[in-house]
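Colleague: Got a predicted structure plus its sequence, pasted below:
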Amino acid sequence: MGLVVQKYGGSSVADAEGIKRVAKRIVEAKKNGNQVVAVVSAMGDTTDELIDLAEQVSPMPAGRELDMLLTAGERISMALLAMAIKNLGHEAQSFTGSQAGVITDSVHNKARIIDVTPGRIKTSVDEGNIAIVAGFQGVSQDSKDITTLGRGGSDTTAVALAAALDADVCEIYTDVDGVFTADPRVVSKAKKIDWISFEDMLELAANGSKVLLHRCVEYARRYNIPIHVRSSFSGLQGTWVSSEPIEQGDKQVEQAIISGVAHDTSEAKITVVGVPDKPGEAATIFRTIADAEINIDMIVQNVSAASTGLTDISFTLPKSEGRKAIDALEKNRSGIGFESLRYDDQIGKIALVGAGMKTNPGVTADFFKALSDAGVNIELISTSEIRISVVTRKDDVNEAVRAVHTAFGLDSESDEAVVYGGTGR
Ligand code: ADP
Ligand code: ASP
Ligand code: MG
C-alpha cells in the first residue's frame with residue numbers, strides 16, 4: 001500500500017459541487033489501496049476576499065491578526081471536505097496546519113516551514129482515515145502564534161507533508177492540465193509540458209507561473225520529492241516535476257531547450273533618486289529593505305551624472321510590500337542620503353526560461369528581437385544561466401508573452417489549452 005499526498009487548490013473546491021467532486025476523487029485514490037492525505041486551499045477567491053475585508057477595517061492590518069483571519073479560509077474547506085467524504089461512506093478527519101505539525105518561523109504572512117512533525121496525521125491514516133489538512137498555515141515554533149506561508153502556500157504544505165511522511169507521490173491538483181509553456185489564460189496555444197526539471201520549474205515559478213509556488217519547488221528539490229501537477233477536473237496525465245526525466249511508454253522525455261515563458265504583473269518598481277555615488281550606499285539601502293523583511297527581485301543602478309556625483313537605484317518588489325518599503329526608506333532618509341523616491345506599480349515582467357540557453361548563444365538576441373518586433377519597450381533586464389527576464393509596461397505584458405512564445409516555436413499546432421475553472425485572480 002502506498003501513501004499519496006494530494007493538494008487541491010481554491011478553484012477545485014470553489015463551491016459545494018466542487019467539494020463533492022474532489023471528495024469523490026480522494027475516495028477513488030483510497031479505494032485504489034492508498035493511504036491518502038489531502039491538503040486543501042480556501043474555497044475559490046476566499047483568501048482575496050478576506051484580505052479585502054481586512055483592508056476595509058485597517059489599511060495595514062497587523063500580521064498576526066491577518067494570519068488568524070486568513071487561516072479561517074482553509075478551515076472552512078477542510079471541514080466541508082471531511083464532511084463530504086464521510087457522506088460517501090469513508091472515514092475522514094480534518095486537521096489545521098498546527099495540528100498537522102507544520103512548524104514555522106515567526107514571520108507573519110510569509111512564514112517558512114522549519115519542521116514538520118506529522119504524528120497525528122500518521123496515526124489518523126494508519127487507523128484507516130483519510131486525513132484532510134488545511135494548507136498554507138502553520139504555527140510558530142517560538143511565539144506559538146498561527147502563521148501563514150505566503151500566497152499560494154498550500155503547495156508548500158503538500159510537498160512538506162509528502163517529505164515528512166515519505167509519501168510515494170505528491171499530486172498538485174489545479175484548474176489546468178499541468179504546467180504549460182506559458183499561462184494558458186494568456187496564451188491559448190500554450191503546450192502542456194510532460195516533464196520539467198526542478199531548476200527550470202523554479203525559474204518559471206519565481207517569475208510568476210503561479211501554477212506552483214516557488215518555495216514549494218525549492219522544498220521539493222531539497223528533499224527530492226517528485227511532483228505531479230494535474231487537473232482535478234479531468235482524468236489526464238499532467239506534468240511531472242522532478243530531477244530526472246520521466247519515461248513515457250518506451251521513450252525518455254527529453255530536456256527542452258526552452259521550457260517556457262513566465263510573466264508577472266504583481267510587482268512594482270521603486271527608484272531611489274539622487275543617491276551619492278560612493279561605496280556603502282547600496283548596502284545601506286538594501287539593508288534597510290532587508291530589515292523590513294522585504295524580498296526584492298531585480299536591481300539596476302544607473303551611471304552617475306559626473307557633474308552631481310549622484311546616481312539612481314531602481315529595484316522591483318511585490319506590490320503588496322510597496323508601502324512598507326517606502327516607509328522603511330523614508331525613515332532612513334538621512335542615513336542613506338537620497339533626494340526622493342519614485343513608486344511605479346504599472347510594470348510587468350516577462351521571463352524566458354530554459355536550461356538549453358546555456359549552450360545556445362542566439363537565445364538572448366532572439367528574445368529581444370521578438371520584443372522589439374512586438375513594439376515592447378524594455379525598462380530593466382536581468383539574466384541567470386537559464387533565464388532572461390525584462391521589465392516592461394504592465395499593459396504590454398500579454399502581447400509580449402504571446403510574441404515571445406511564438407518566436408521560440410512554442411505554440412501548439414493542435415489543441416488549445418483548457419482552463420477548467422478559477423477566476424485567474
Ligand atoms: P490553485 O487554486 O489550484 O492553487 P492557481 O491559480 O494558484 O491554482 O494556479 C493555477 C493557475 O496558474 C492556472 O489557472 C494558470 O492561469 C496559472 N498559470 C500561470 N502560469 C502557468 C503555466 N506555465 N502553466 C500552467 N498554469 C499557469
Ligand atoms: N488560500 C491561499 C491563497 O489563496 C493559499 C493557497 O491557495 O495556496 O493564497
Ligand atoms: Mg496556487
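Modeller: Nice, thanks for sending it over. Ligands and ions are numbered 1, 2, ... in the order given.

Colleague: The residue of the chain found nearest ligand 3 - how many residues pack around it?
Modeller: Nearest residue of the chain to ligand 3, counting by CB to the ion: Gly152, 4.1 Å away. Any C-beta I mention is one placed from the backbone N, CA and C, and that applies to glycine too. Using other CB atoms under 10 Å, Gly152 has 21 neighbouring residues.

Colleague: Quick one: the helices in the stretch 201-350 of the chain, in order.
Modeller: Along the stretch 201-350 of the chain, the segments classed as helices by DSSP state H, counting those that start in this stretch run 214-223, 281-291, 322-331, 333-336.

Colleague: ok, back up a step: please verify my assumption that the residue of the chain closest to ligand 3 contacts Gly208.
Modeller: No - checked against CB atoms under 8 Å, the pair Gly152 and Gly208 is beyond contact range at 11.1 Å.

Colleague: Common neighbours of those two, please.
Modeller: Among the neighbours of Gly152, none is also in contact with Gly208 (CB atoms under 8 Å, 6 or more residues apart in numbering).

Colleague: ok, Asp67 touching Thr147?
Modeller: Yes - between Asp67 and Thr147 there is a contact under CB under 8 Å: 5.5 Å.

Colleague: what pLDDT does the residue of the chain positioned farthest from its centre get?
Modeller: Within the chain, the residue lying farthest from the chain centre (CA atoms, centre = their mean) is Ser307, at 44.3 Å. Each residue has a pLDDT score; the one for Ser307 is 74.

Colleague: Dump the helices of the stretch 201-350 of the chain to a markdown table, plus mean neighbour count, distance to ligand 3 and mean pLDDT.
Modeller: As requested, those are exported to a markdown table (neighbours: other CB atoms under 10 Å; distance: least, CB to the ion, whole Å; pLDDT from 0 to 100):
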| stretch | mean neighbour count | distance to ligand 3 | mean pLDDT |
| --- | --- | --- | --- |
| helix 214-223 | 21 | 9 | 96 |
| helix 281-291 | 16 | 26 | 94 |
| helix 322-331 | 16 | 22 | 95 |
| helix 333-336 | 13 | 37 | 91 |
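
Colleague: Select, out of these, the one closest to ligand 1.
Modeller: helix 214-223 (10.2 Å; CB to the nearest ligand atom).

Colleague: and that closest one with ligand 2, contact?
Modeller: No - if you take CB under 6 Å from any ligand atom as the test, helix 214-223 misses ligand 2, and the best it gets is 9.1 Å.

Colleague: Quick one: residues in contact with that helix.
Modeller: Among residues not part of helix 214-223, those counted as contacts by CB under 8 Å, 6+ apart are 112-113, 149-150, 152-153, 155-156, 158-160, 163, 170, 198-199, 201-202, 205-206, 225-227, 241, 243.

Colleague: Keep only those of those that are in strands.
Modeller: Ile113, Cys170, Ile227, Val241 (DSSP state E).

Colleague: what's the next secondary structure element after the longest helix along the chain?
Modeller: Longest helix of the chain, by residue count under DSSP state H: helix 63-87. From helix 63-87 onward toward the C-terminus, using DSSP states H and E, the following helix or strand is strand 92-95.

Colleague: C-alpha coordinates for that next one, PDB please?
Modeller: Extracted C-alpha coordinates of strand 92-95, given in PDB (Å, rounded to 0.1, in the frame of the first residue of the first chain):
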ATOM      1  CA  ALA A  92     -12.000  11.300   7.200                       C
ATOM      2  CA  GLN A  93     -10.600  13.700   9.800                       C
ATOM      3  CA  SER A  94      -9.600  17.300   9.200                       C
ATOM      4  CA  PHE A  95      -6.600  19.000  10.800                       C
END
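
Colleague: Span of stretch 126-144 from start to end?
Modeller: For stretch 126-144, the first-to-last residue distance is 28 Å (CA to CA, to the nearest Å).

Colleague: Give the buried residues for it.
Modeller: Neighbour counts over stretch 126-144 (16 or more other CB atoms under 10 Å) mark Asn129, Ile130, Ala131, Ile132, Val133, Ala134, Gly135, Phe136, Gln137, Gly138, Val139, Ser140 as buried.

Colleague: returning to what we had before: which of the contacts of helix 214-223 are buried? Put it as a ChimeraX command.
Modeller: This is the ChimeraX syntax for the buried subset of these, where burial follows 16+ other CB under 10 Å:
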select :113,149,150,152,153,155,156,158,159,160,163,170,198,199,201,202,205,206,225,226,227,241
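
Colleague: OK, contacts around Gly354?
Modeller: Here Gly354 is in contact with Asp200, Ala256, Ile257, Ile258, Ser259, Gly260, Val363, Ile386 (CB under 8 Å, 6+ apart).

Colleague: Does Glu399 touch Asp373 like I think?
Modeller: No - counting by CB under 8 Å, Glu399 stays clear of Asp373, with 10.8 Å between them.

Colleague: So, low pLDDT: which residues of the stretch 251-400 of the chain?
Modeller: Low-confidence segments of the stretch 251-400 of the chain (pLDDT under 70): 306.

Colleague: what number of residues lie near the closest residue to ligand 2 within it?
Modeller: The minimum distance from the stretch 251-400 of the chain to ligand 2, using CB to the nearest ligand atom, falls at Ser320 (11.5 Å). Number of residues near Ser320 (other CB under 10 Å) recorded here: 16.

Colleague: Likewise for Val418?
Modeller: 15.

Colleague: Spatially nearest residue to it (excluding sequence neighbours)?
Modeller: Asp177 (6.3 Å; CB to CB, 6 or more residues apart in numbering).

Colleague: Let's see the pLDDT reported for that neighbour.
Modeller: 96.

Colleague: returning to that earlier point: keep only the contacts of helix 214-223 that also lie close to ligand 2.
Modeller: Applying CB under 6 Å from any ligand atom to the contacts of helix 214-223, one finds that Gly152, Gly153, Asp155 fall near ligand 2.

Colleague: For the last one, give me its contacts.
Modeller: In this case it means Asp155. Asp155 makes contact with Lys7, Gly135, Ile172, Leu212, Leu213, Arg215, Cys216 under the criterion CB under 8 Å, 6+ apart.

Colleague: and if we set it to 7 Å?
Modeller: Shown in contact with Asp155 (CB atoms under 7 Å, 6 or more residues apart in numbering): Lys7, Ile172, Leu212, Leu213, Cys216.
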